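>>> I'll drop the sequence and a predicted model, then ask my questions.
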2 protein chains.
Amino acid sequence: MFKVTFKFENGSDVEVFAHEGDNLLEVARLANVAIDAPCSGNAACGKCRVKLVNGEVESKKTLHITDEEYAQGWRLSCVSKICADVEVLVPDIASAYRSRMKVADLDSAEELKIFEKTKSDLAAAGIEFKNDLEVVSLEMAEPSLDDTMPDNERLQWAIEAACGVSEVKMPFFVLKKLADVLRKSSFRVQCVIRRAGDKVEVLDVLPSDEEAKVCGLAVDIGTTSVAGLVINMQNGEILAKASTGNGQIRYGADVINRIIEQQKDGGRKKLQDAIIKETLNPLIAEMCRAAKIRTTQIYRMCVAGNTTMNHLFAGVDADPVRMEPYIPTFFETGSMFAQDLGLKIYPHARIIISPNIGSYVGGDITAGTLASAMWNREEMTLFIDLGTNGELVFGNAEFMMSCACSAGPAFEGGDISCGMRATDGAIEACTIDKETMNPTFDVIGDEGQKPVGICGSGIIDLISELFRCGIISPKGKFIREGERIRHDKYGMGSYVLAFKDEAASVKDIEITEVDIDSFIRAKGAIFSAIRVMLQTLDFDVSMIDHVLVAGGIGSGINMRNAVNIGMFPDIEMEKFTYIGNSSLSGAYTILCSKEAEEKVADVAHNMTYLELSNEPTYMDEFVACCFLPHTDAALFPSLEMK
Amino acid sequence: MFKVTFKFENGSDVEVFAHEGDNLLEVARLANVAIDAPCSGNAACGKCRVKLVNGEVESKKTLHITDEEYAQGWRLSCVSKICADVEVLVPDIASAYRSRMKVADLDSAEELKIFEKTKSDLAAAGIEFKNDLEVVSLEMAEPSLDDTMPDNERLQWAIEAACGVSEVKMPFFVLKKLADVLRKSSFRVQCVIRRAGDKVEVLDVLPSDEEAKVCGLAVDIGTTSVAGLVINMQNGEILAKASTGNGQIRYGADVINRIIEQQKDGGRKKLQDAIIKETLNPLIAEMCRAAKIRTTQIYRMCVAGNTTMNHLFAGVDADPVRMEPYIPTFFETGSMFAQDLGLKIYPHARIIISPNIGSYVGGDITAGTLASAMWNREEMTLFIDLGTNGELVFGNAEFMMSCACSAGPAFEGGDISCGMRATDGAIEACTIDKETMNPTFDVIGDEGQKPVGICGSGIIDLISELFRCGIISPKGKFIREGERIRHDKYGMGSYVLAFKDEAASVKDIEITEVDIDSFIRAKGAIFSAIRVMLQTLDFDVSMIDHVLVAGGIGSGINMRNAVNIGMFPDIEMEKFTYIGNSSLSGAYTILCSKEAEEKVADVAHNMTYLELSNEPTYMDEFVACCFLPHTDAALFPSLEMK
């Protein structure tokens, strides 16, 4: 046995023991040390780098570690075996992609605009913003020797009288606290209730002098990123917003790797803990702090996520999602409560899961489609959600078709050596001077924020600019030389966007041919999916009235550049709109409105699903798309004109 | 700090540390060492005796320890203080009253007769023996690329088709195992379902090759004793029967002391653990072993107990039950499940609690009244439940009135120095030769079983015989001399029923004047309650058509002797029937029959409650009854004639 010490830049240490020959990344996972490995330990992404401080590991050399870096002690943990006592530094960069939690500053109204917009769009489409939770204040006669009704009946009668209902259901956990609350408050209480027709369910009972605030939690669980909103259920007001990385990322960047992990012994619990205990509970705690509420004041939650995320969240076996014929346990499910999942909100808070419609089109898409209001329009809308999976919905009030393609995590900065989520330190936009080949870029964050990496929208700009300036070929190979262009000993080219000393990073921020190739495949997956879906319906890109782009790619997305690289169809620019995290917007509206909850079920039932892998033309279309902008230049007439 | 070691006769030890001056009984309680203290540590019952093995305690002398015993090292733990390291033996006798668990031998048909009788009585009264649990076998088409319905909808559809219902509710815990069970069994499963009109709730899903047995659990939770039945819900067959002492007894013999204990810090959890974890879970495990079923095959439970027992079982504050105006949290309650309480049966098994009707007339009485079928008779019935509280119900199909009196634990052997429950080793009947004053007695158990103590029915016989033989006065004082009659140095008399060497006990089995006094007060409480209740209704004992006697006093109860000591009214002997544990019979029928469950609610609603302490004559009546047989001999004319 050898001692393995993981050291962090914040000064903390984790010590564990391991056997000779154990894989360092596995040792880290078992010790619950979060080292990102979006490729799930296949030496493909280069994210799991650690630096030797003391001792040695037996490590293969890979493309991701230069000779100089190797000499400095950098190793990829996924290809390193324990052979002695060792101390390694886990650099912050190893979790830059995963990234720290960010609580939004709601005073900058920008953050909230998108949700207000969704709400007004849906209101215009006839959705009433009203939910079934209420607070009622009650004053009961105190019992006496002549009035010996037991506590539960006393409260039930009072609610029946106050609400004009004939049936009051009181769950066990309310019963347990009843005697105490009634007597402490001299039989003057407030009840949080759910009203359904002539019936009322009591969710909570509180003394009359405590503030009874009924809050809700909307969460978008993305494969890579997780975002949440805390709202006041009584008026829909947003009280807090925050986002963070999905803690499951250390078990793989995509849903397939995570499903494989959850199949292992104890894996289902591990994956569920990673999302609930490590990701959501801290996120909820932070939001509640920002919102100045208690976590137990969250009486309802709406989750929008893809089918696999929903299953892992619920702790339900996701393996059948991955295996032909790809059958999930559920599309829709009721009767799931916070306490069943270990969520630290009100224990009996109901969890609404935005419905899935297939193994690869999930609740994030139904929620996003709801939020887009496309189900209420005559005009044809193409809705594109750029997540780790790319999902598309096309249609209008008459019909909607959806499909999914595996874009990989590139849009969220995964699979890209200097990629990161669209958060502080991310280069979100850039231009390149055709002459000098020097870049100019925008970094997310406060004035003076140094770049840490590059997010999806930045990569689109970068590739588009590299191509426009003739620095890379249509195949993504470097074809010019210069100070910022390098080739390693294997001949792989790269472009340095920011040198180490300009950046808040341990290495230069650069994009390599491998990165560009990953991104070209990602954008190719999207464009080919659009092509095949429209062909199936006998539609043409010219018949698209609106393109709504959603996802964590970043609000800085330049649609023109996205068209330039052949990611989106070459139609009028004014048809494109970035709608942000529509999955979260959808979850927010479902939470606020009983009618929205019913509508999203409707949307799910009315949406057909196209399985692209069953379409004979898809593979050919995909290959043709892996080119800048496309092997068929005629598909991008506006580029020709430039 | 001193080390305190509790040694047990089975050879096991428990070691803890305690401060100087700590009370030994408290130290035992904190260490979870079960020493019976029915008087709750007030030096009144003498049950908490331990024997010094090494070291010393600072201990007061009491009436309960003779000089000889004191010299041998016997101490009452409730009056002993820690003053040094000490080792004490906790003798089995200290838990004889609590007694070991006993699993019934169902092959001796006797055990089951009483339940069969109840069932046929209720069937004759029009109750249909049918419940709402069923097993359905289902065979589903396996999913394919052309049939991609998710698992939950597939199962729901199959159930809808098989049962002809329109709504199927599938709780979360079924969803969690669904994918696995369906695939392991090639989509051929059995479901345990609950049918309610046009709706079905799925309780469990099992592979088709596993035996789907739907069992139920009926439990009578008495203050002193707990008894249970495991039944096959599909045909009502009794699969196992067992009884044991209520583990809460070390927190006090009566409900008042237990309520006081549960008010202390962490007390509610302690009392709940004592009944659920220490008493019921082991009892359930034993019964399931005897019944050859898994504990998770118990899908429903019915509990009959007094109001305090119900509250402590549910972990609900019982303090308001004790404090004027005596208001419990609930009379009736639904939606309580096994997992909420930590009961080791099917986690989502519903718990039916036989309804309470007041703070001192609980679910044991409503269940017992249901079982008695008195609610269906023209003739007047007096139902008497001789538990730690004595409860009476009087009436017929037209009306029923109930009342409760505090008899104390004497009927179950509590408060009696050699008292014990009616189980192996208990003297259940005796006669005394008037000349020699030598006794003859029957002991419960196998041939050759030596006596350990005396149970309620034995005490009735003993007192009746002592009185008949002129050995004790009408006030219960010893007035004859003999070998078996002793007086201690304070002048307190006693009668030895069995000398130490004839008994399986560390001391002689005897009855003292203190014991006789306790019992006279207990029987006086019962008889005065009967008197006052009948007076309130303007009834006379001659108008009673049936007297049904229930409770743990023992099936050996001699009604003639009970009349002789003035416990029951002096009416024709053929009107008396011992109906055993009617609370358990009632729980059994509620479990078997939906109609019985509805009927017991009806019975509860239609029963009026008489609060004896509000009746001005009660105290005088009680005092007049504390005499053998009664101060007013005219009330017992048949005794005069003898």
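Received the coordinates, thanks.

>>> The helix or strand harbouring residue A:549: partners in the sheet, and parallel or antiparallel?
Element membership for residue A:549, per DSSP states H and E: strand A:546-550. Taking DSSP bridges as the criterion, strand A:546-550 pairs within the sheet with strand A:381-386 (parallel), strand A:576-580 (parallel).

>>> Could you dump these into JSON lines and include mean pLDDT and mean neighbour count?
Bear in mind the C-beta positions are built from the backbone N, C-alpha and C, glycine included. Formatted as JSON lines, the strands paired with strand A:546-550 follow (pLDDT from 0 to 100; neighbours: other C-beta atoms under 10 Å in any protein chain shown):
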{"stretch": "strand A:381-386", "mean pLDDT": "96", "mean neighbour count": "26"}
{"stretch": "strand A:576-580", "mean pLDDT": "94", "mean neighbour count": "20"}
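
>>> CA atoms of the strand holding residue A:549 as CSV?
What follows is strand A:546-550, C-alpha atoms only, in CSV (Å, rounded to 0.1, in the frame of the first residue of the first chain):
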residue,chain,number,x,y,z
HIS,A,546,-37.6,31.6,-36.5
VAL,A,547,-34.5,29.9,-35.2
LEU,A,548,-34.4,29.9,-31.4
VAL,A,549,-31.0,29.0,-30.0
ALA,A,550,-30.9,27.9,-26.4
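
>>> Present the strands paired with strand A:546-550 as CSV; the columns should include distance to residue B:180.
As requested, those are arranged in CSV below (distance: least, C-beta to C-beta, whole Å):
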stretch, distance to residue B:180
strand A:381-386, 31
strand A:576-580, 38
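
>>> quick one: contacts of the strand holding residue A:549?
Strand A:546-550 has contacts (C-beta atoms under 8 Å, 6 or more residues apart in numbering or on different chains) with A:368, A:372, A:374, A:377, A:379-386, A:557, A:559, A:562, A:568-569, A:571, A:575-583.

>>> that older thread, quick one: which of the strands paired with strand A:546-550 is nearest residue A:428?
Each of the strands paired with strand A:546-550 was checked against residue A:428 via C-beta to C-beta, and the shortest separation belongs to strand A:576-580, namely 12.1 Å.

>>> following that closest one, which helix or strand comes up?
Proceeding C-terminally, strand A:576-580 gives way to helix A:582-592 as the next helix or strand, assigned by DSSP H and E.

>>> how many other residues sit next to residue A:108?
Counted with other C-beta atoms under 10 Å in any protein chain shown, the neighbours of residue A:108 add up to 9.

>>> and the gap between it and chain B?
Separation of residue A:108 from chain B (C-beta to the nearest C-beta, to the nearest Å): 39 Å.

>>> helix, strand or coil for that residue?
Judged by DSSP: H, G, I helix; E, B strand; the rest coil, the three-state class of residue A:108 is coil.

>>> nearest to residue A:297, of the strands paired with strand A:546-550?
Nearest to residue A:297, of those and by C-beta to C-beta, is strand A:576-580 at 26.6 Å.

>>> Would you agree residue A:2 is in contact with residue A:81?
No - proximity of residue A:2 to residue A:81 does not meet the contact threshold set by C-beta atoms under 8 Å, at 10.6 Å.

>>> Find the residues that touch each one of those two.
Shared contacts of residue A:2 and residue A:81, defined by C-beta under 8 Å, 6+ apart, comprise residue A:20.

>>> any chance you could map the helices in the stretch 51-200 of chain A?
Counting by DSSP state H, counting those that start in this stretch, one finds helices in the stretch 51-200 of chain A at the ranges A:67-72, A:110-124, A:151-163, A:172-184.

>>> These: which one's closest to residue A:222?
Shortest separation from residue A:222 across the helices of the stretch 51-200 of chain A is recorded for helix A:110-124, at 16.1 Å, computed as C-beta to C-beta.

>>> Centre of the chain to the closest one, how far?
Centroid separation for helix A:110-124 versus its chain: 20 Å, with C-alpha atoms, centre = their mean, to the nearest Å.

>>> Where does pLDDT dip in chain A?
A:32, A:38, A:92-100, A:640-642 (pLDDT under 70).

>>> which other helices and strands contact the lengthiest helix in it?
With DSSP state H setting the assignment, residue counts place helix A:513-536 as the longest helix in chain A. With contacts defined as 3 or more C-beta pairs under 8 Å, 6 or more residues apart in numbering or on different chains; DSSP states H and E, the secondary structure elements packing on helix A:513-536 are strand A:381-386, strand A:390-395, strand A:400-405, helix A:456-468, strand A:607-610, helix A:618-625.

>>> Give the buried residues for it.
With burial defined by 16 or more other C-beta atoms under 10 Å in any protein chain shown, the residues of helix A:513-536 counted as buried are A:513-534.

>>> Please write out the alpha-carbon positions of it in PDB.
Provided in PDB are the C-alpha atoms of helix A:513-536 (Å, rounded to 0.1, in the frame of the first residue of the first chain):
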ATOM      1  CA  GLU A 513      -6.300  21.000 -34.300                       C
ATOM      2  CA  VAL A 514      -7.700  18.300 -32.100                       C
ATOM      3  CA  ASP A 515     -10.000  20.900 -30.500                       C
ATOM      4  CA  ILE A 516     -11.000  22.300 -33.800                       C
ATOM      5  CA  ASP A 517     -11.800  18.800 -35.100                       C
ATOM      6  CA  SER A 518     -13.900  18.100 -32.000                       C
ATOM      7  CA  PHE A 519     -15.800  21.300 -32.600                       C
ATOM      8  CA  ILE A 520     -16.300  20.700 -36.300                       C
ATOM      9  CA  ARG A 521     -17.800  17.400 -35.400                       C
ATOM     10  CA  ALA A 522     -20.100  19.000 -32.900                       C
ATOM     11  CA  LYS A 523     -21.300  21.700 -35.300                       C
ATOM     12  CA  GLY A 524     -21.600  19.000 -38.000                       C
ATOM     13  CA  ALA A 525     -23.900  16.900 -35.800                       C
ATOM     14  CA  ILE A 526     -26.200  19.900 -35.300                       C
ATOM     15  CA  PHE A 527     -26.300  21.000 -39.000                       C
ATOM     16  CA  SER A 528     -26.800  17.400 -40.300                       C
ATOM     17  CA  ALA A 529     -29.600  16.900 -37.800                       C
ATOM     18  CA  ILE A 530     -31.300  20.000 -39.000                       C
ATOM     19  CA  ARG A 531     -30.900  18.900 -42.600                       C
ATOM     20  CA  VAL A 532     -32.200  15.300 -42.100                       C
ATOM     21  CA  MET A 533     -35.200  16.400 -39.900                       C
ATOM     22  CA  LEU A 534     -36.300  19.000 -42.500                       C
ATOM     23  CA  GLN A 535     -35.900  16.400 -45.300                       C
ATOM     24  CA  THR A 536     -38.000  13.900 -43.500                       C
END
